[in-house]
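A.B. asks: model the following, please.
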Amino acid sequence: ECTDASPGHFATTGSTEQTACREGSFANGTRNDACELCPEGYYQDQPAAAACVRCAAGKFCPVGSSRELDAQCEAGTYARLTDRSGDPECLDCPAGSSCGGGAAPPSECSPGSFAATAGLSECASCAGGTYQGESNATSCLPCVEGSYCAEGASAPLPCVAGSYSTATNLTAAGECTDASPGHFATTGSTQQTACAKGSYTDAYGQGACTPCAGGTYQDEEGKTACEPCEAGSYCAVGAAAALPCEAGSYSNATNLTAAGECTACPAGSACSTGSIEPTPCSPGTFAAKEGQSKCESCDPGTSSNQGSVACDECVAGKYAANAGQSLCNLCPHPLSSVSGSTICSICMDDYYLRNTSADPGDIFKSPTEYCKPCPPNAFCPTNTTLETLVVPQGYWRASSSSAALTECRSFGGDGEAGKTRCAGSELDAGFASR
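C.D. replies: Numbering: from 1, shown residues only. As a prediction, the model looks like this:
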């Protein structure tokens, strides 16, 4: 049931009352049996205190101070209070710190400054071209490549985009080297970089290269301009090469930006990949519609001139045995043909085919063996055979397999039979009137 001593007071064993702490001491809790002296750097000028007060800047306070004392240490030194009287022991300020004198403790040099030796009253700023990122430093570091360091720099600052540097002593951004035309430099670069294919720069100090515009290209690195696209090609934005117009199209322009801008090849011509002009189909070939990459050969029995959109059938009396012929050939004497023929296997006017079962190829190889001159007094239009010889009125032959015509005279027997025999071929009506 004893009463606890209150903060700022103490009570010894058997006390009948609590006692207030004197100046220069304190008791910060309850039930204290003694007071504590204020620590170095603190003081207390009031009795019965529960805490001490920090010494003001420029003053010093030894252990148990009841007041702030005027500083006595010179600049470049600091006080270590060991004397009961409160007189300080002044020590040299440590390297990496500054000491303003009096009772102030050492102050560490801040980033961007240093103190190379002990006993300095001020920290020195890092010189231009150097930096220091740490506190309490005794020296500064060389600036790094791709950067610059102004006086008092706590960190290197990168060269701005469009410039670069390999030096380690730059003091300002303007000392970085500008990237030359055809090159670029990103922020903090240690060297310039050549523009890639498909891009360029035409000025100093560029942080990026410009893509080639549509209709131009650049197939080399480090260039200051792009080239016009080539005829027969197109160039999209940023093209590193001219791309050829697709097969079936062409162009003689030098500013195309897409394949769709190439012109479709007209009918009657062909355009291979990368064509500058259409190529007319050669004789014996054709292109029926536009957009063709090659011309087709004419079929056997047909021919064509240059630049044709279709092939023409060979006329009667001519033939084309092979595909892709520019001209139809005349049938060898005494042969002929119908239109569109690939071979001559019928006889021309005034000749007749003596053997209708003969192979057309044999007839073509040996025309005079199969085609014979029309018999006297008979008519042989083109494609006449022995069986189809035209017998005029007033003549007759023994059978359709006979080539001999006999003039009609007086017939014995039935008169009507004689008239029939000498009436001539039914087809001769036209000839008889000539």
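
A.B. asks: and A173, what are its phi and psi?
C.D. replies: A173 adopts backbone torsions of phi -60, psi -30, taken as degrees, to the nearest 10.

A.B. asks: right, and it touches Y164 too?
C.D. replies: No - using CB atoms under 8 Å as the test, A173 is too far from Y164 to be in contact (11.6 Å). Every residue, glycine included, has its C-beta placed from N, CA and C.

A.B. asks: neighbour-wise, which of these two wins?
C.D. replies: Shown here are A173 and Y164; by other CB atoms under 10 Å, Y164 has more neighbours (25 against 15).

A.B. asks: so that one bridges to which residues?
C.D. replies: Residues in a beta bridge with Y164, per DSSP bridges, are T177, S189.

A.B. asks: so it touches F184, yeah?
C.D. replies: No - Y164 is beyond contact range of F184, at 9.5 Å (criterion: CB under 8 Å).

A.B. asks: anything in contact with each of those two?
C.D. replies: Q192 (CB atoms under 8 Å, 6 or more residues apart in numbering).

A.B. asks: burial count for E220?
C.D. replies: Neighbour count of E220, defined by other CB under 10 Å: 13.

A.B. asks: wait, what's in contact with it?
C.D. replies: K197.

A.B. asks: what's stretch 374-381 in contact with?
C.D. replies: For stretch 374-381, the surrounding residues in contact (CB under 8 Å, 6+ apart) are 347, 349-352, 384, 389-392, 395, 403-405, 407, 428, 431.

A.B. asks: averaging pLDDT per element, find the lowest-scoring helix or strand in this structure.
C.D. replies: helix 429-432 (a mean of 38; mean pLDDT, DSSP states H and E).

A.B. asks: I figured E227 was touching G215, is that so?
C.D. replies: No - in this structure, E227 is not within contact of G215 by CB under 8 Å, at 10.3 Å.

A.B. asks: which one's more surrounded, these two?
C.D. replies: G215 (21 against 17).

A.B. asks: quick one, what contacts that one?
C.D. replies: Listed by CB under 8 Å, 6+ apart, the contact set of G215 reads 228-229, 234-235, 254-257.

A.B. asks: for G222, see how far away it is.
C.D. replies: To G222, G215 is 22 Å away according to CB to CB, to the nearest Å.

A.B. asks: for I343, same thing?
C.D. replies: Distance of I343 to G222, given as CB to CB: 68 Å.

A.B. asks: wait, a strand at E387?
C.D. replies: No - applying DSSP: H, G, I helix; E, B strand; the rest coil, one finds E387 to be helix, outside a strand.

A.B. asks: look up how far S402 lies from it.
C.D. replies: Per CB to CB, E387 is found 10 Å from S402.

A.B. asks: residue contacts, C212?
C.D. replies: Neighbours of C212 in contact, by CB under 8 Å, 6+ apart: 198-200, 218, 226, 235, 237-239.

A.B. asks: hmm, 10 Å instead?
C.D. replies: 195, 197-200, 218-219, 223, 225-227, 229, 235-240 (CB atoms under 10 Å, 6 or more residues apart in numbering).

A.B. asks: filter these to the buried ones?
C.D. replies: 195, 197-200, 218, 223, 226-227, 229, 235-236, 238-240 (16 or more other CB atoms under 10 Å).

A.B. asks: which one of these is nearest G274?
C.D. replies: Among the buried ones among the contacts of C212, C229 lies closest to G274 (CB to CB), at 11.9 Å.

A.B. asks: right, and the closest one touches L243 too?
C.D. replies: Yes - using CB atoms under 10 Å, C229 makes contact with L243 at a distance of 8.8 Å.

A.B. asks: so for those two, which residues contact both of them?
C.D. replies: 217, 235-236, 256.

A.B. asks: closest to S121 among those?
C.D. replies: Closest to S121, out of all of these and judged by CB to CB, is Y217, at 67.6 Å.

A.B. asks: for the closest residue to that closest one other than its chain neighbours, give me its contacts.
C.D. replies: Counting by CB to CB, 6 or more residues apart in numbering, the nearest residue to Y217 once its immediate chain neighbours are dropped is A239, at 3.9 Å. By CB under 10 Å, 6+ apart, the contact set of A239 is 197-199, 211-219, 226-227, 229, 233, 257.

A.B. asks: could you measure from A239 over to L256?
C.D. replies: In this view, A239 and L256 are 11 Å apart by CB to CB.

A.B. asks: overlap in contacts, these two.
C.D. replies: Common contacts of A239 and L256, defined by CB under 10 Å, 6+ apart, comprise 214-215, 229, 233.

A.B. asks: one step back: spell out which residues are contacts of both of E227 and G215.
C.D. replies: Common neighbours of E227 and G215, counting by CB under 10 Å, 6+ apart, are 235, 239, 242, 254.

A.B. asks: show me the beta-bridge partners of the residue lying closest to the third one once chain neighbours are set aside.
C.D. replies: Leaving aside its chain neighbours, A242 sits nearest to S233 (3.7 Å; criterion: CB to CB, 6+ apart). Partner residues in beta bridges with S233, using DSSP bridges, are P244.

A.B. asks: am I right that S233 is in contact with E227?
C.D. replies: No - in this structure S233 lies outside contact range of E227 using CB under 10 Å: 11.2 Å.
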